[in-house]
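Enquirer: 3D model of this:
(one chain, ligands or ions: 1)
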Amino acid sequence: LFSAVTLAPRDPILGLNEQFNADTRPTKVNLGVGVYYDENGKLPLLKCVQAAEAAMAAAPKPRGYLPIDGIAAYDAAVQGLVFGNHEAVAAKRVATVQAIGGTGALKIGADFLKHLGPNAKVLISDPSWENHRALFTQAGFTVETYPYYDAAVGGINVAGMLAALNAAPAGTVVVLHACCHNPTGYDLTDAQWGEVVAVCKAKGLVPFLDMAYQGFGFGIQEDGEAVRQFLAAGLSFFVSTSFSKSFSLYGERVGALSVVCTSAEECTRVLSQLKIMVRTNYSNPPTHGAQVVAQVLTTPELRAMWEGELAGMRERIKAMRGALVAALKAAGVTRDLSFVTAQKGMFSYSGLTAAQMQRLRNDFGVYGVDSGRICVAALNEKNLPAVAAAMAEVIKG
Ligand code: PMP
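Expert: Here you go, the predicted model:
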C-alpha cells in the first residue's frame, strides 16, 4: 500500500531546531524559532492567563461539546479586537468561527474559498510564512507570489507588489500579512495599505488578511489599520487571527476566522458554510484555550493585565532591536542598520546571505534561518553580546 509513498522533505525550521539541540556548545543561541522568549530566555506564561485559569479551576465546568463555531463570547471578543466597534459587527455582517490556531483559521478559509471559486489562484507574498504556500496548495489551489521583499533596497517593492495585484484576474485570493510580516519584519505604511486596498477593490480580488501578531507592532488598535482600511472600502474579506503569540498560548491552538460580508443575510449563509468546513474536519473546536482568552478579553482587570503584558513583550522586542544595532555598531559594523529598528514584530530579515547564516551557525553556534531571518524575540541581554559579536564578525567577513 505504501511502497510508492515518497519521503516528504523535513520542515526546515524544525530541522534547524534538531541541529540546535544536538549542538553541545554552551554559548549556542537559537534565533531560528518563531516564538517569543522573555528576558531570561524562557517561554512566558502570562499572568492574565494564570489568573483566568485559576478562576476557571475554582469553578470547574463539565466539558460538553462546543458549538461548531466555538464559544460565542470568544467569537464576539475576537470581533471586538479585530474590527473594533465598526458598524459591520453591529450589523451582524461578520461571520467569526473559533479555529485551531491561526493555521486552522487559514485552512477553514482556504477550504471555503476552494468551494466558492475552485479555479481561483492564490497569491502570497515573496517571501511569506512557509506554511502559506503549503496550506493553500494542499487545499487545492495554484499558489503564486507577488513581489514583496526587495533585497537590493532592503525594503518592500511596493510598485512590484501593486503591479502584480493589478495584473491578477478578478477572484484571485491575495494573502496579506495584516501586521508584523513574517519573515521579513517589513510592513506597509498606512498610505501603501490604501493603495493595496484600492487595487483589491478595483480588480475584484479576494483579500485574506493573516493577523498572527496583533499587538506586536505598534499596539492592538494600531495594528488593526489594514483591517480598518478594508472595512472602510466596503470590501468582503477574510481575517485569520492567532493568539499563539499574543497570549503565549502556542500549544493550546487558539485562533479564529472572520469573514466580512455585505449583509447580515449573506453572513448567515457564509457562516453556515464555514460550519460545514469545521464539522467535516474536526466537528467542533476545543474548549480550554478559547475559554482562557474569552475570560481575559471580557474581564476588565484581566484585559488590562493582558494589554500590559503584551505591551511588555512588544517593548522588549523593540529594546532588543535597538540594542542589537548599537552592539553591531560598537563592534565596527559600518553599514546602515536602521532597518532593524524599523522592522516590526518578532522577526528581522538581517540582510545576511545564506553563506553568512551558515557561518553564524557553524562557527559561532548562532542559529538563524538561511534566508537571513532571525527571531529578535529570542534575544535577551545575556545572549545579545555574543550574537552581535558573531554577526559583526560574519558581516565584516
Ligand atoms: N500566520 C503567520 C504569518 C504566522 O507566523 C503563524 C505562526 N508562526 C501563523 C499564521 C500560525 O499561527 P498558529 O501557530 O496560531 O497556528
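Enquirer: Tell me which residues of the host helix or strand of V49 come out buried.
Expert: Using DSSP states H and E, V49 maps to helix 47-58. By 16 or more other Cβ atoms under 10 Å, the buried positions in helix 47-58 come out as C48, V49, A51, A52, E53. Where you see a C-beta, it was placed from the backbone N, CA and C, and this is true even at glycine.
Enquirer: And for stretch 104-121?
Expert: Quick answer for stretch 104-121 (16+ other Cβ under 10 Å): 104-114, 120-121.
Enquirer: Cross the residues you listed against strands and list the overlap.
Expert: In this view, those that belong to strands under DSSP state E are K121.
Enquirer: Tell me what angle the top helix by length along the chain forms with helix 47-58.
Expert: Taking DSSP state H as the criterion, the chain has its longest helix at helix 300-330. If you take axes from the mean of the first three to the mean of the last three Cα atoms, to 10 degrees, helix 300-330 sits at 150 degrees to helix 47-58.
Enquirer: Summarise which helices and strands the next helix or strand after helix 300-330 is packed against.
Expert: Beyond helix 300-330 on the C-terminal side, the first helix or strand identified by DSSP H and E is helix 338-342. The contact analysis (3 or more Cβ pairs under 8 Å, 6 or more residues apart in numbering; DSSP states H and E) places helix 338-342 against helix 300-330.
Enquirer: can you list the residues of this protein near the ligand?
Expert: Contacts of the chain with the ligand, taken as Cβ under 6 Å from any ligand atom, map to G34, G101, G102, T103, W129, H177, N182, D210, A212, S242, S244, G255.
Enquirer: who touches G194 in this structure?
Expert: Q229 (Cβ atoms under 8 Å, 6 or more residues apart in numbering).
Enquirer: So for it, what's the pLDDT?
Expert: Listed pLDDT for G194 reads 98.
Enquirer: Need the phi and psi values for it.
Expert: phi -60, psi -40 (degrees, to the nearest 10).
Enquirer: Strands along the stretch 1-150 of the chain, start to end?
Expert: 29-30, 94-100, 121-126, 142-147, 149-150 (DSSP state E, counting those that start in this stretch).
Enquirer: Turn these into TSV, including mean pLDDT.
Expert: Below are the strands of the stretch 1-150 of the chain laid out as TSV (pLDDT from 0 to 100):
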stretch	mean pLDDT
strand 29-30	96
strand 94-100	98
strand 121-126	98
strand 142-147	98
strand 149-150	94
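Enquirer: Which stretches in the stretch 151-300 of the chain count as helices?
Expert: Assigned helices in the stretch 151-300 of the chain, in chain order: 158-167, 190-203, 225-232, 264-281, 288-298, 300-330 (criterion: DSSP state H, counting those that start in this stretch).
Enquirer: could you give the mean pLDDT of the last one?
Expert: The reference is to helix 300-330. On average, helix 300-330 scores 97.
Enquirer: what's the angle from that helix to helix 288-298?
Expert: Orientation of helix 300-330 against helix 288-298 (the same axes, to 10 degrees) gives an angle of 100 degrees.
Enquirer: likewise the second one?
Expert: When the same axes, to 10 degrees is applied, the directions of helix 190-203 and helix 288-298 differ by 120 degrees.
Enquirer: list the buried ones in helix 190-203?
Expert: Using 16+ other Cβ under 10 Å as the test for burial, helix 190-203 gives W193, E195, V196, V197, V199, C200, K203.
Enquirer: Give me the distance between the first one and the ligand.
Expert: Translated: W193. Distance of W193 to the ligand, computed by Cβ to the nearest ligand atom, to the nearest Å: 17 Å.
Enquirer: Identify the residues contacting that residue.
Expert: By Cβ under 8 Å, 6+ apart, W193 lies in contact with E225, A226, Q229.
Enquirer: Could you tell me which residues make contact with the first one?
Expert: Counting by Cβ under 8 Å, 6+ apart, E225 touches C179, D190, W193.
Enquirer: If we use 10 Å, what do you get?
Expert: Counting by Cβ atoms under 10 Å, 6 or more residues apart in numbering, E225 touches A178, C179, D187, L188, T189, D190, W193, G194, G217, F218.
Enquirer: one step back: dump the helices of the stretch 151-300 of the chain into a markdown table; add distance to F364 as well.
Expert: A markdown table is the format used below for these (distance: least, Cβ to Cβ, whole Å):
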| stretch | distance to F364 |
| --- | --- |
| helix 158-167 | 35 |
| helix 190-203 | 36 |
| helix 225-232 | 37 |
| helix 264-281 | 43 |
| helix 288-298 | 37 |
| helix 300-330 | 14 |
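Enquirer: looking at those helices, which is closest to D370?
Expert: Across those, D370 has its closest neighbour in helix 300-330 (19.4 Å, Cβ to Cβ).
Enquirer: Excluding residues flanking it in the chain, which one is nearest the most centrally placed residue in the chain?
Expert: In the chain, the C-alpha nearest the mean C-alpha coordinate belongs to A212, at 2.8 Å (Cα atoms, centre = their mean). Spatial nearest neighbour of A212, excluding adjacent residues (Cβ to Cβ, 6 or more residues apart in numbering): S242 at 4.1 Å.
Enquirer: Thought K382 was touching M320, still the case?
Expert: No: using Cβ atoms under 10 Å, M320 is not in contact with K382; the gap is 11.5 Å.
Enquirer: burial count for F347?
Expert: F347: 27 surrounding residues under other Cβ atoms under 10 Å.
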